[in-house]
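J.: Sequence first, predicted model second:
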Amino acid sequence: MSNEVSTLSELRREIDHIDDTIHGLLMRRTEIVKKIGAAKTDGIYLNPAREAQVLRRLISRHGGPFPKTVITRLWREIFGALVGLQGPFALAVYMPKRGAGYLELARDQYGAYTPATSYTSVGQVIWAVTDGSATIGVLPMPQEDETSPWWHILASDNAENPKIVARLPFVGPGPGRGDGIEAVAVARMMPEPSGHDNTFLLLETFDGVSRVTVRRLIGEAGLNNTTYKGFHAVGNRVHFHLLEAPGFIARGNERLQTLCRLEGGLVTRTVVLGGYAVPFSAAELAGS
């Protein structure tokens, strides 16, 4: 019995040492992040692409029985806390009714203690981001054939206009959280490539250009495996089409320029609405 007690005491002391080491490294990480924040000149402290790269690296090297989902949750809390230390960091969340699930998605992604304000309309969320009241806005994932789509509000080419920067959840919802819903996050910043991304594109056409024609044109322009995500009529003459394309596509991409030249310019304008690092699949998070 005494040997067992001695062994337990030794193991607990080892755990205490590990905890102290983890805590010490976390404090060191905080000091480094503060130096990075001080070195930035653009006032943008959020970096969704970098966060995705960090999580992918950790999950790829992880071994043992400790759940990968919990690893990602721990680091998401670290990310949220450290972004908040570098500068203003607050959330504006679409909440059409109590229990809609978007607030849970937002907190899972950006930290349980990050300040968050709920709004009953998507317009209020986008305006909160536009006027600087919020750093991040959380909105419903666009769906094809929506009667009142919101994404056309982002159609401006102005660099200050909010862009889509993330897809939620990145690691899948926790038990009883989100109820299978998905969302996107918008911010006043241009997304950067993470190495595994998708891009949202808006195409502008005149009335009379069908969805079938749009699908054909995007194939001819080399935008392969692109998904048609939505339609919005702007008055009687102009139509907006929402596409989701694989890969990171920046403004001025050659395929977008080609698209506007096809068949005499049936597509009159293209706008990159933003993009996101592709979330983990269930297979990537399973097992050790």
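T.: Great, that's in hand. Numbering: from 1, shown residues only.

J.: Now do the phi/psi pair for the residue nearest the centre of the chain.
T.: The centre of the chain sits closest to Ala166, judged by Cα atoms, centre = their mean, with a distance of 1.0 Å. Main-chain torsions, Ala166, degrees, to the nearest 10: phi -160, psi 160.

J.: Would you check that it makes contact with Tyr276?
T.: Yes - contact criterion Cβ atoms under 8 Å: Ala166 and Tyr276 qualify, at 5.0 Å. Glycine gets a C-beta too; all of them are placed from N, C-alpha and C.

J.: where do the contact lists of these two overlap?
T.: By the contact definition Cβ atoms under 8 Å, 6 or more residues apart in numbering, Ala166 and Tyr276 are jointly contacted by Pro48, Val184, Ala185.

J.: any idea which of those residues is the one closest to Glu263?
T.: Checking the shared contacts of Ala166 and Tyr276 against Glu263 by Cβ to Cβ gives Val184 as the nearest, at 31.2 Å.

J.: Could you report the distance from that closest one to Gln109?
T.: Applying Cβ to Cβ, to the nearest Å, the value for Val184 to Gln109 is 11 Å.

J.: shared neighbours of the two, anything?
T.: Overlap between the neighbourhoods of Val184 and Gln109 consists of Val138, Ala166, Leu168, taking contacts as Cβ under 8 Å, 6+ apart.

J.: Name the next helix or strand following the longest helix seen in the chain along the chain.
T.: Using DSSP state H to assign secondary structure, the helix with the most residues in the chain is helix 2-39. Next in sequence after helix 2-39, counting helices and strands by DSSP states H and E, comes helix 48-61.

J.: quick one: that following helix to chain centroid distance?
T.: Helix 48-61 has its average C-alpha position 13 Å from the chain's average C-alpha position, going by Cα atoms, centre = their mean, to the nearest Å.

J.: Stretch 111-125 too?
T.: Between the centre of stretch 111-125 and the centre of its chain there are 15 Å (Cα atoms, centre = their mean).

J.: start to end distance for that stretch?
T.: Terminal residues of stretch 111-125 are spaced 18 Å apart (Cα to Cα, to the nearest Å).

J.: contacting residues around it?
T.: Residues outside stretch 111-125 that contact it (Cβ under 8 Å, 6+ apart) are 76-77, 79-81, 84, 89-96, 103, 106-107, 128, 133-134, 137-140, 150, 153, 186.

J.: what comes up buried for it?
T.: Neighbour-count burial for stretch 111-125, counted by 16 or more other Cβ atoms under 10 Å, picks out Gly111, Thr114, Ala116, Ser118, Tyr119, Val122, Val125.

J.: Which strand residues bridge the fifth one?
T.: Taking DSSP bridges, one obtains Tyr94 as the residues bridged to Tyr119.

J.: any idea how far Glu104 is from it?
T.: 16 Å.

J.: sorry, back to before: give me every residue that touches the residue nearest to the centre of the chain.
T.: Under the criterion of Cβ under 8 Å, 6+ apart, the contact list for Ala166 reads Pro48, Gln109, Val184, Ala185, Tyr276, Ala277.

J.: Isn't the last one up against Pro48?
T.: Yes - under the criterion of Cβ under 8 Å, Ala277 makes contact with Pro48 at 6.3 Å.

J.: what do these two both touch?
T.: If you check Ala277 and Pro48 against Cβ under 8 Å, 6+ apart, the residues they both contact are Ala166, Ser194.

J.: quick revisit: list just the nearest of the shared contacts of Ala166 and Tyr276 to Ala245.
T.: For these, the nearest to Ala245 is Val184 (14.8 Å; Cβ to Cβ).

J.: and the angle from the helix or strand where the closest one lies to helix 48-61?
T.: Take DSSP H and E as the rule and Val184 turns out to sit in strand 183-187. When axes from the mean of the first three to the mean of the last three Cα atoms, to 10 degrees is applied, the directions of strand 183-187 and helix 48-61 differ by 130 degrees.
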